[in-house]
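# sharing a model that was predicted from the sequence below.
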Amino acid sequence: MAGQKRTILVWKQKLFAAIRIALAYLIVGCATVYTQQEIRKYVAYPSFSYMTATLIVWETTLGDTLRGTWHAFIGTCLVTGATVMSIWLVRLQDPLSPILAAVLVGLGTFVVALPRFIPLLSKRIALCGLVLVYVGTCNGTPETGIMMRPLYVAASTGLGAVASILAMLLPFPHLATLEVRHKCKSFVQNATTRMNLFIKAMVAEESSDALELAAEARILKASAAKLMKNIKQCQDGVLWEVPHLRLSACKYKHPADNLKEVEVTLRGMEMAIEASKCPTQQTPINQQVKDEMQEVAKQLTQKFAQIKTSLPFSAPSTPYENPKTDGEKLLPLDIYATTQQLSMSFFLFCTKYLKTDSCSTLKDGDHEKKTWGKTMKRWLPRRQDIMLATRWALSLGLATLLGLTYNKDQGNWAGLAISVSFATKRQATFNGANARAQGTALGSIYGVLGYFIGHKFAILRLAFFVPWIIFTTFLRHSKSYGEAGGISAIIAAFLILGRVGYGTPAEFGIARMSEACIGLFCYLLVEVVLQPNRAATLSKDQVSRCYSTIKGFMEQFVVIRTSDPSSQQDPLMEHEKRKMQSKTVTLREFIREAKREPNFWFKPFQSESYALLESSISRMVDLVYFTASAIELLSKELQNNKIAWKDNQELVTIDIELFKEKICSSLKYLEEETSTKPVPADQSGISSDDPEIGSARYSKRFSVASANEVELENIISTFLQHSRDIIESSQVTDNAERNKVLLCLGCIGFCMQSLVYETREAQKVVKELSRKERS
C-alpha cells in the first residue's frame, strides 16, 4: 500500500513538472507565432527561448525560477557586453569567416568562464549567446545588422525567462516554501519513527530482535535520504520567495543544516546498535539504563516536535533545554566494561547531548570576518579556473569551426550541444559525453517521428511534448543518463517538434545529430588531451582526498582547553566538517559513475573495493565528528569543575593526544597508498604500468601499520582506565554533571575503538586493491 502511494506521488510530481514545461513552451510558441511582426522580429532565435525555458523551469519551484531568471539576466548582460565590445574594437562586418568566428567564440568563452563568482546557468546562457551571435554572422544576411544580433539574443532569452515565470504561476504557484515545509515535516516524522525503532533495538533482550528493528530503520533511512535531497534542492528558492529572510541572513539557517544534525544523531545510534548487538557479546542490560532510555525517548520526541513546528524558516525560536535533572541517578561505571556497554554510553551520548543547538561549533550569526584580502582572493582566478576556462574555450572554438565547415547553415548546433552541458565541477569525461550523445539521438528520433505524425497541426506537435517531458524527467534521474543526458534528450526533441522553416524533419534531424556529434567529439578531444578525467581515476583520487581531509580535521582537535570555558573551538572546525561530508558525497558520485564507465584499454574498475572504502570513509567522518563534539563538551565540563577533575585531567589529555598522533599516522598511510600522484621510484618502490592511474605508491609498510594498531589498543585501554579514575575520584555531587562527563568519555572511547577498526579494515581493502591494480 505504501509502495502504491509512493508511486502515485512520484507520477503526480512528474506530471505537474511536465505540464509546467509544456505551458512554458506554449507561451513561447504563441509569442513567436501569433504576435505582431514588429515584436516577432526581435525574437529571432525561438529555439534559444525554448532552451532557456528548459534550463530554468525544469523540475523547479517559483523561487528557483526567480533565481534562474536573475541568472539568465546576468548571462544576457555578459553576452551582450562581450559581443558589442568585440564588434566595436575589431570593427566586425558581415559576413565573418568561419576561422574568425571560431576565434571570437573561443576568446569570449574564456572571458565568460574565468570568473568564479558567475553562476553556472549564467555561463551556459552566455556561451549559447556567443555561439548564436558569431555563427549567425557567417551566414551572410545583410538585412540583419551585426549590431542587432546581441539584441535578438537578449530578446529571445528574455522571452524564455518570462515564459518560465508565468508557467510557475499558472494555474497556481509552485512555491518552494510549501515544498520545503512539507518535506521537512515528512523528514521529522521519519526521524521520530527511526528513533523509536533504535531505542527498542538497543534495549531488546535478543540480538535477532534488535537486528530486525535496525533493518526496518534502514529501510526508512533510504526514504529520509530522498527527502533530504529534495529539501536541499528547494531550500535556496525560499530566500527568493521570502525576500526579508535575505536581509536577515545572519539569523536564517537552511532547513537541511538543522535536519542534518538530526540525521547525524540517528547515524550514531545506528552505529552503536551495530557494535553492541553481536551475538557473542550479548549481555543483560542494566535496568537503570533501560529507564534512562525511556526518558531519552521522551526528550527526543519533544525535540523533534519543536523542530517540526519551526522549519523551514529557522531553527527553533527558543533553544531546546533538557528537562529538570533533580535527583538524577549516577549511571553505573560498568558502562565501560565491555564493547556492548561502551556502545550503550555512545548511544546515550548521541541522544542526550548531541543537540542541534549545543554541539555545532559555528552558531547562527557566527561568520568569519571578511577582509579585503580574503575578498580579493575569492575574486581572483585560481590555476584550476584558468585551466577550466582554457578547456571550455578550446572545445567551443573547435566545435564552432568544425560545425561551420561541415554545414554552414546549421553550424551553431555543434557549439550549442556542449554549451548547455558545461559544468564547473570535475566530471567523468567518457560518461558525460556518452550520456549527451545517447540523449541527443533519442530526442532527435522522437522529434522526427512526432513531426512526421503531427506536421500539419502545431497543437498536435505540442501534445507530443508532454509524454516526452515525463519520460526525460525519469531519464534525468536515471543512473545511465543523468542530468546531461536528460537535458540533451529534451532539447533535441523540442528543437525538431518546435521548428519552423528548417526543411524536412528527417534532414534537419540528421544535420542536428551530426552537428551534436561534432561538438561532443571536440569536447572529448580537448578533455582527453588536457585533463583525461576517467571516473575510475577521480574515484581513486577522491579516496585519497577524503583520508587527507579526515586527517586534517583530527589534527585540529583542541583536547582540553585551559582558556575561558565559554570560548568555542575555531569556526574552521565547522568548515572542515562540512568539507569532509562534501568530499564523501563526491566520492559516492564518482564511484557510481565509474561502475558504468567503459574500460577501453584500462584495467577494470574494482567497484566492490571502492564501495567498501566509501562505506568505511562515511563512518570515519561521523566518528571523528562525534569525537570532536564529545571533546568540546568534555572540555567545558572539566573547565567548569577544574578542581574536582584536576588530578586525572592531564592523563586523559595525554591519552587523547597520543591516540590522535597514531591514528593520523595510519590515515596518512592510507592517503599515500590511494594517491594518484606519481612519486620517484626510490620512494614508492614500484613503477606503474597503467598510464591512466599513475603510480600507486605501493610500499611494504603493513607491518608498521600492524604495530601501530597494537599501540592504539594499549592507548585505548589506558584511556578507559583513566576515565574510570576520573569518575571515581570526582568530588562533584551533581549526578547530572557526573553523567555528562561519563558519557563524553564513553563516547570518545567508543569512537577510538571504532576508528581503529575502520582503519584496520581500510588497510586490508587498500592492500588488496593495490595488489589487483599491480597484477
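Great, that's in hand.

# list the buried residues of stretch 736-756.
By 16 or more other CB atoms under 10 Å, the buried positions in stretch 736-756 come out as 737-756. Glycine gets a C-beta too; all of them are placed from N, C-alpha and C.

# oops, could you answer that again for stretch 718-729 instead?
718-720, 722-724, 726-727.

# could you do stretch 381-388 as well?
Buried, per 16+ other CB under 10 Å, within stretch 381-388: Leu388.

# can you map out the strands along the stretch 251-400 of the chain?
Using DSSP state E, counting those that start in this stretch, no strands are found in the stretch 251-400 of the chain.

# so which of the buried residues of stretch 736-756 sit within helices?
Taking DSSP state H, the ones among these that sit in helices are 737-756.

# who's in contact with stretch 168-184?
Residues outside stretch 168-184 that contact it (CB atoms under 8 Å, 6 or more residues apart in numbering) are 16, 20, 23, 57, 60-65, 227, 230-231, 234-238, 240-242, 255, 259, 308, 311-312.

# kindly report the same for stretch 57-69.
With CB under 8 Å, 6+ apart as the criterion, stretch 57-69 contacts 17, 20-21, 24, 55-56, 121, 161, 163-165, 167-169, 173-177, 179, 234, 236-241, 473, 476, 487, 490.

# and the helix or strand harbouring Leu220, what does it pack onto?
Leu220 is located in helix 207-241, with elements delineated by DSSP states H and E. Applying 3 or more CB pairs under 8 Å, 6 or more residues apart in numbering; DSSP states H and E, we find helix 207-241 packed against helix 62-90, helix 176-203, helix 243-247, helix 255-276.

# CSV for the ones you listed, including distance to Leu613 and mean neighbour count?
Formatted as CSV, those follow (distance: least, CB to CB, whole Å; neighbours: other CB atoms under 10 Å):
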stretch, distance to Leu613, mean neighbour count
helix 62-90, 35, 20
helix 176-203, 26, 21
helix 243-247, 40, 11
helix 255-276, 17, 22
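
# how about the ones you listed, which one is nearest Arg218?
Set against Arg218 and scored by CB to CB, these come closest in helix 255-276, at 7.7 Å.

# for that closest one, C-alpha coordinates in CSV please.
Extracted in CSV, the C-alpha atoms of helix 255-276 (Å, rounded to 0.1, in the frame of the first residue of the first chain):
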residue,chain,number,x,y,z
PRO,A,255,16.5,23.7,6.9
ALA,A,256,18.9,21.0,5.7
ASP,A,257,21.5,22.2,8.2
ASN,A,258,19.1,21.8,11.1
LEU,A,259,17.9,18.4,9.9
LYS,A,260,21.5,17.2,9.2
GLU,A,261,22.2,17.3,12.9
VAL,A,262,19.2,15.1,13.5
GLU,A,263,20.4,12.7,10.8
VAL,A,264,23.9,12.6,12.4
THR,A,265,22.3,11.7,15.7
LEU,A,266,20.4,8.8,14.2
ARG,A,267,23.5,7.5,12.4
GLY,A,268,25.3,7.5,15.7
MET,A,269,22.5,5.5,17.3
GLU,A,270,22.7,3.0,14.4
MET,A,271,26.4,2.6,14.7
ALA,A,272,26.0,1.9,18.4
ILE,A,273,23.4,-0.8,17.8
GLU,A,274,25.6,-2.5,15.1
ALA,A,275,28.5,-2.6,17.5
SER,A,276,26.6,-3.8,20.6
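
# now the angle from it to helix 176-203?
What separates the directions of helix 255-276 and helix 176-203 is an angle of 10 degrees, with axes from the mean of the first three to the mean of the last three CA atoms, to 10 degrees.

# what's the angle from helix 255-276 to helix 207-241?
170 degrees.

# mind checking how far helix 255-276 is from the chain centre?
19 Å (CA atoms, centre = their mean, to the nearest Å).

# show me what it packs onto, helices and strands only.
Using 3+ CB pairs under 8 Å, 6+ apart, helix 255-276 is in contact with helix 176-203, helix 207-241, helix 287-310, helix 339-353, helix 607-640, helix 735-774.

# in the second one, what counts as buried?
What it means is helix 207-241. 207, 210-211, 213-214, 217, 220-221, 223-224, 227-228, 230-235, 237-241.

# try the fifth one
Using 16+ other CB under 10 Å as the burial criterion, the residues of helix 607-640 that qualify are 609-610, 612-614, 616-639.
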